[in-house]
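In: Could you look at this predicted model? Sequence included:
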Amino acid sequence: MKFNMINWEEYYKVHTDDEIEPNRLLKKVIDKPNNIKSAIDLGSGAGTDTISLLEKGINVYSIDKEASSSRIINQRLKNLNKENLKTNLMCITDNFETINLPKVDLINCYNSLSYCNPSHFYKFIDNIKSSINKGGTFAANFFGVEDSWYGKENMTFLTKQNVLDLFHDFNIIEINETKKKGVTSLKKEKFWHFIDIIATKY
C-alpha cells in the first residue's frame, strides 16, 4: 500500500502555535510527585513535550531525525521568553536506527515510535529499555493494526498484546487502547487506533 510521505516541517509548524501542554500520557507522569531528574523526548517534533519537561526543571534530551525540530524548539523558547531553560536542554538530530541513548529517568515517545522501520524496531525497543534507569518511567503510544495507516511503508503497527509482551519485564502502570474516527493535524480524515502505555522499570 502506498502513502504520501509526511512533510515533517509542515507538521511541526502546525504545532508551534499550540499551548504548551504536554501530551495526555506525559501529563499523568509529571503532574504526580516524582524523582525525575532527566528525560528523553523521543521524536520531539515541535517541542511541546520538551518544553513542558524543561518547565518542571528536568534535564531533557530532545531527539528527532529532523534538524528543523531543534530550530523550532529554540525559537519557541525565545518567543516564550524562556531561553533560560536551554541550560537544561540538549537537542540531538539522529535516526532511531543509529542513536545511542543516554541513561535517563523518563523516556517520552508520543506519536513517534511507530515511525521506526520494522527491521529496526525491536532492537530499538531494547535500546530504550536499557537506557531507562531502575525505577524510571516509559510513557508512549503505538499505532494499532486497525489504524487506517496500517501497511504504511517503514512503519510498525502493534496489537495491545504485542505491547504487553514488549514490556513484560516492566511494571505496567496503565495500558489503554483507543479506536476512533478523526482527523490528522493537517486536517485529513483518518481512523485512529492506538495503544497507550505507562510503565516503570523494576
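Out: Okay, I see it. Numbering: from 1, shown residues only.

In: any idea how far Lys152 lies from Lys179?
Out: In this view, Lys152 and Lys179 are 17 Å apart by C-beta to C-beta, to the nearest Å. Heads up, the C-betas are built off the backbone N, CA and C, glycines and all.

In: Give me the more crowded residue out of those two.
Out: Comparing Lys152 with Lys179 by other C-beta atoms under 10 Å, the one with more neighbours is Lys152, at 18 against 11.

In: Confirm that the more buried one sits in a strand.
Out: No: applying DSSP: H, G, I helix; E, B strand; the rest coil, one finds Lys152 to be coil, outside a strand.

In: and the residue nearest the centre of the chain, how far is that from Gly135?
Out: Nearest to the mean C-alpha position of the chain, by C-alpha atoms, centre = their mean, lies Cys109 at 2.0 Å. Taking C-beta to C-beta as the measure, Cys109 falls 19 Å from Gly135.

In: ditto for Asn111
Out: 26 Å.

In: So between these two, which is more surrounded?
Out: Asn111 (16 against 12).

In: and that one, what are its phi and psi?
Out: The phi/psi pair for Asn111 (degrees, to the nearest 10) reads phi 50, psi 40.

In: ok, now which ones touch the nearest residue to Leu158 once chain neighbours are set aside?
Out: Counting by C-beta to C-beta, 6 or more residues apart in numbering, Phe142 is the residue found nearest to Leu158 once chain neighbours are left out, at 4.8 Å. Neighbour list for Phe142: Leu113, Ser114, Thr156, Phe157, Leu158, Val163, Phe194, Ile195, Ile197 [criterion: C-beta atoms under 8 Å, 6 or more residues apart in numbering].

In: The residues you listed into CSV, with extra columns for distance to Leu42?
Out: Below are the contacts of Phe142 laid out as CSV (distance: C-beta to C-beta, whole Å):
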residue, distance to Leu42
Leu113, 7
Ser114, 12
Thr156, 14
Phe157, 18
Leu158, 16
Val163, 16
Phe194, 16
Ile195, 16
Ile197, 14
